[in-house]
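Peer 1: Got a sequence here, can you model it:
(chains A and B)
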Amino acid sequence: MTSSHSPVLTEAPWLRVTLIALALTFLALFLLLPLAAVITEALRGGIGAYWQAIVEPDALAAIRLTLTAAAIAVPLNLVFGVCAAWAIAKHEFRGKNLLTTLIDLPFAVSPVISGLIYVLMFGLQGWLGPWLSEHDIKIVFAVPGIVLATVFVTFPFVARELIPVMQEQGNDEEEAALTLGASGWQTFWRVTLPNVKWGLLYGVILCNARAMGEFGAVSVVSGHIRGQTNTLPLHVEILYNEYNFIAAFATASLLALLALVTLAAKSFVEWRAAQHAAAARLVSDQPAVAGSTA
Amino acid sequence: MSTAAAFSFKRPSVIPGFGLTLGFTLAYLSLIVLIPLSATFLKSTELGWNGFWQTVTDPRVVASYRVSFGTSLLAAVVNLFAGLLVAWVLVRYRFPGKRLIDALVDLPFALPTAVAGIALTALYAGNGWVGQFLEPLGLKVAFTPVGITVALIFIGLPFVVRSVQPVLQELEPELEEAAASLGASRLTTFRRVMLPSLMPALLTGFALAFARGLGEYGSVIFIAGNMPMISEITPLLIITKLEQYDYAGATAIAVAMLLISFVLLLLINLLQWWSRKRHTE
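Peer 2: Here you go, the predicted structure:
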């Protein structure tokens, strides 16, 4: 990379060092310091207090609810993402660009509004509220509402990762498989999926991180009932507002750990995807490449 | 519905499953996103035009727009420069730990916003690691609009870096060589040759960071202090109205925010389209 640049194409050494130092200082101040603060504050009371905050029943209930919401939201959006990518990337139809924009819509909506829209649908004052309370079904201020809000905020993740990867792959391999007599399902499982698995995994990792960490949307629909409708991020907020800082930061450190695991998994997937792409380039010769771009 | 139109305008292909996957996609999209969002717009009509206008132009609400817009804009501007610097350093230079730092840039995407919020508050409070040095200088960060800006810089940084990085990577060295061989200084080359090519990506990252900042809630409310008229952001006002069971008022502000977000989304799409067009030329 850098080595290929001739001297005239790079900056003077002192400038290079200054720029690197500036960038690193900025990143340390804005990224590393907050991480370090979470860990230090969490351990301020020693390991005992830290452990106590995590195994406390309300904290365990919050962990369970966070895992439940993610376990429902991620597979739902995974199936949706695969369907959307198949329809959009493998076919040409009118309105495709509009559909792609609509799929990204949840990213443009404030998390608070993402929660509000379900309160307006299913809350007592909402469109379906009277009917739901007549039939004794609770959605808002209960677990279903939390799941719905989580599904909304993580809606585009898998689809938007998968669509460009599938588009780049082209249709040649699928068409070859179908011509050789494979069924649609066989083609998907044996041809398409192996080609896009890293993109798919990448989307799932990001989707899961957001699902477990979402705060604003879930906060609006939760009702904040301890032990029942509190997710981990909401539990952090309650403890913090009660000035129980050690417990708040201990709980937050679990989420910070989740973030670090997410980053590591993401880097690994990126690395494997790059390997996969390099291998594919080696295998495919010039005519095949020309064919896939035509 | 539009499905029928889509079928008749679809280009024939041997690849199966179009009806099934598009049908499921449209049904799921409608149920989760389109119907609830439309219901929100419909709900805001209950107030009538006058009621709606009164709610969204209430002095406290207008003050919250000023806070939200001002802090998001300032944070996005800081990120424009910081993001370009970080992307530049990551693409052009070699230094130990570079891959680790590259991965770390995505931390704001991965770290739950509430965690970022309490961590930044702890750092910038009067007795915090950073706050203790700033407060004697007369700079109060936590519980002021400056604190909101700090949180939004954290949240928005990866948008600019990740928009600029790929474009910077694919910038052709021939252009720089040509400029240098024609006698341009390094700074002139950067300003006149490289910056114009980076512009669409920079603006896209800027717009993405700005849009995200407007709607951001979790990382801001802890550090903001949430004083009405001074450091109260618009999303928080929606929650305040909800807690007072003022559903119509909350909906009116939400609709105003949604309209702004959609305009921004349109703008971002145009920018990306422009960027792609330039790229393929």
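Peer 1: Provide a list of residues in contact with the closest residue to chain A within the stretch 51-200 of chain B.
Peer 2: Proximity of the stretch 51-200 of chain B to chain A (C-beta to the nearest C-beta) peaks at residue B:112, 3.0 Å away. Bear in mind the C-beta positions are built from the backbone N, C-alpha and C, glycine included. Each residue near residue B:112 by C-beta atoms under 8 Å, 6 or more residues apart in numbering or on different chains is listed here: A:212, A:213, A:214, A:215, A:232, A:233, A:252, A:255, A:258, A:259, B:218.
Peer 1: What about those, which one has the most neighbours?
Peer 2: Ranked by neighbour count (other C-beta atoms under 10 Å in any protein chain shown), the contacts of residue B:112 have residue A:252 at the top, with 32 neighbours.
Peer 1: What separation is there between it and residue B:229?
Peer 2: Applying C-beta to C-beta, to the nearest Å, the value for residue A:252 to residue B:229 is 30 Å.
Peer 1: Packing partners of the strand or helix carrying residue A:51?
Peer 2: Secondary structure assignment for residue A:51, by DSSP states H and E: helix A:46-55. Counting contacts by 3 or more C-beta pairs under 8 Å, 6 or more residues apart in numbering or on different chains; DSSP states H and E, helix A:46-55 packs against helix A:245-283.
Peer 1: And the helix it packs on, what does it pack against?
Peer 2: Against helix A:245-283 (3+ C-beta pairs under 8 Å, 6+ apart) you get helix A:33-42, helix A:46-55, helix A:57-90, helix A:193-213, helix A:232-241, helix B:98-104, helix B:107-110, helix B:113-124.
Peer 1: Go through those and name the closest to residue B:86.
Peer 2: Set against residue B:86 and scored by C-beta to C-beta, the helices and strands packed on helix A:245-283 come closest in helix B:98-104, at 8.5 Å.
Peer 1: Contacts for that closest one next, please.
Peer 2: Outside helix B:98-104, the residues that reach it (C-beta under 8 Å, 6+ apart) are A:24, A:27, A:31, A:32, A:263, A:264, A:266, A:267, B:90.
Peer 1: Who are the contact partners of residue 220?
Peer 2: I'll assume chain A. If a contact means C-beta under 8 Å, 6+ apart, then residue A:220 has A:112, A:114, A:115, A:116, A:119, A:149, B:239, B:242 as its contacts.
Peer 1: I was thinking of chain B, sorry if that wasn't clear
Peer 2: Residue B:220 makes contact with B:117, B:148, B:151, B:152, B:233, B:235, B:236 under the criterion C-beta under 8 Å, 6+ apart.
Peer 1: Give me the pLDDT value at it.
Peer 2: Residue B:220 is assigned a predicted lDDT (pLDDT) of 96.
Peer 1: Residue B:153 now?
Peer 2: pLDDT, read off for residue B:153, is 97.
Peer 1: just checking, it touches residue B:77?
Peer 2: No. Contact status for residue B:153 versus residue B:77: not in contact, 9.7 Å apart, counting by C-beta atoms under 8 Å.
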